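Q: Give me the fold of what follows.
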Amino acid sequence: RTLADIGEYLSMSDSVVLEESPMWPSGSTEVPWGRPQPCDPGYEYTAGKCQACPVGQFAATSDSTCVDCPEGSFTASIGTSICRSAPLGMYVPASGSSEAIPCEVGRFSAELGSSACDTCSPGFYADGTGYTECSLCDAGTFTEFSGSSSCLACPSGHTTSGVASRESGDCVCEAGSYALASTVGDPLVNSTCLSCPGGLTCPLGSSDNTTSPTLPVPDPGYMTLSVSPLKAFKCLSDDYCPGGGTGLCGSHRDTNSIACGLCASGAFSAGLECVPCAGGIVDVIFFVGLSTLAVLGVIAVATVASRGAMGQSDNSVMVGLSAGLLLTGVQTLGVFDQLSIEWFEPVATFMSA
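A: Residues are numbered from 1 along each chain as shown. Next up is the predicted model:
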């Protein structure tokens, strides 16, 4: 209602006559004689005067009412027109607050105006208050729980493959040692690390378990069999055993033989090397033999022809001999045709005819 609704203006006396008491913005029916100009931001009109907003409250505009600062913000002084956001690493959990609270240990806040702090994940920790981020557990340490204030150390002789490890199972034997398969498990309970045997290199996390992805690796000049990856055999030459993995041998050597001492199937020993049997000298031997057989056949035919005057019995003997040689040659060719041999030219063409 306006003043015109409850009163009458008298122009002669330049005054207003009220029929009832009005309700003023302050909620009072008392006439605010001498009220000043509208209150400034950060103040409100109460008890007949402008008064500053208390801590935890603010008035954003002139002649407005003081209200509480919302969650995530605060004000520590009176008469403010705006609330401050909670700084990084701090939070304000309730409205009307006069201060921000630092995040507790194991927690952090990476945003302005937080009403709550986040919890550090497993593998991370915060060992003090007011953290804006959590720290990673160093190599050789771990933490399995959220909100940790510290990390646990791996047992002696153990470490982790990196930082921010989340469980005790991440602790493995250090480089230069290996774990017994029978004790692999929780290293805090029963995992045992032993020194790496001679002739082998044990990378980080090595185990004697034959199904482990990290087996000890033979050094050059040594070899191990897949059935016994921790027993290194010294080889006669580094060419026999290049090292670098279980069951690795030099070219054309038997990977199942101790110290790669035998040539693989289809190869023969030539000094310190193993040479494939297919091709090469076998081709030469065959070709020389075949040529010799052909020459003998020609000689036999020529002999028969030069003895045309000889008796019938001599001719029969010579013909029989030639036929025998020819039959032997054909049988020999048949045998060689069954062999898996890579022939050289022109023998290859002859054999395929």
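
Q: looking at it, Ala232 is touching Cys202, isn't it?
A: No - using Cβ atoms under 8 Å, Ala232 is not in contact with Cys202, being 11.4 Å away. To be clear about C-beta, it is placed using only N, CA and C from the backbone, and glycine gets the same treatment.

Q: May I see the buried residues of stretch 101-113?
A: The neighbour-count check on stretch 101-113 (16 or more other Cβ atoms under 10 Å) flags 101-109, 113 as buried.

Q: Now do the helices in the stretch 201-350 of the chain.
A: Assignment of helices within the stretch 201-350 of the chain using DSSP state H, counting those that start in this stretch yields the ranges 281-306, 312-337, 347-352.

Q: that older thread, let's have the buried residues of stretch 101-113 in JSON lines, adding pLDDT, secondary structure and distance to Thr46.
A: Formatted as JSON lines, those follow (pLDDT from 0 to 100; DSSP: H, G, I helix; E, B strand; the rest coil; distance: Cβ to Cβ, whole Å):
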{"residue": "Ile101", "pLDDT": "98", "secondary structure": "strand", "distance to Thr46": "30"}
{"residue": "Pro102", "pLDDT": "98", "secondary structure": "strand", "distance to Thr46": "35"}
{"residue": "Cys103", "pLDDT": "98", "secondary structure": "coil", "distance to Thr46": "37"}
{"residue": "Glu104", "pLDDT": "97", "secondary structure": "coil", "distance to Thr46": "38"}
{"residue": "Val105", "pLDDT": "97", "secondary structure": "coil", "distance to Thr46": "43"}
{"residue": "Gly106", "pLDDT": "97", "secondary structure": "coil", "distance to Thr46": "44"}
{"residue": "Arg107", "pLDDT": "98", "secondary structure": "strand", "distance to Thr46": "40"}
{"residue": "Phe108", "pLDDT": "98", "secondary structure": "strand", "distance to Thr46": "41"}
{"residue": "Ser109", "pLDDT": "98", "secondary structure": "coil", "distance to Thr46": "36"}
{"residue": "Gly113", "pLDDT": "97", "secondary structure": "coil", "distance to Thr46": "29"}
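
Q: okay if I get those as a markdown table plus distance to Asp40?
A: Formatted as a markdown table, the buried residues of stretch 101-113 follow (distance: Cβ to Cβ, whole Å):
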| residue | distance to Asp40 |
| --- | --- |
| Ile101 | 30 |
| Pro102 | 33 |
| Cys103 | 36 |
| Glu104 | 39 |
| Val105 | 43 |
| Gly106 | 44 |
| Arg107 | 39 |
| Phe108 | 39 |
| Ser109 | 33 |
| Gly113 | 26 |
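
Q: which among these gets closest to Thr255?
A: Gly106 (54.0 Å; Cβ to Cβ).
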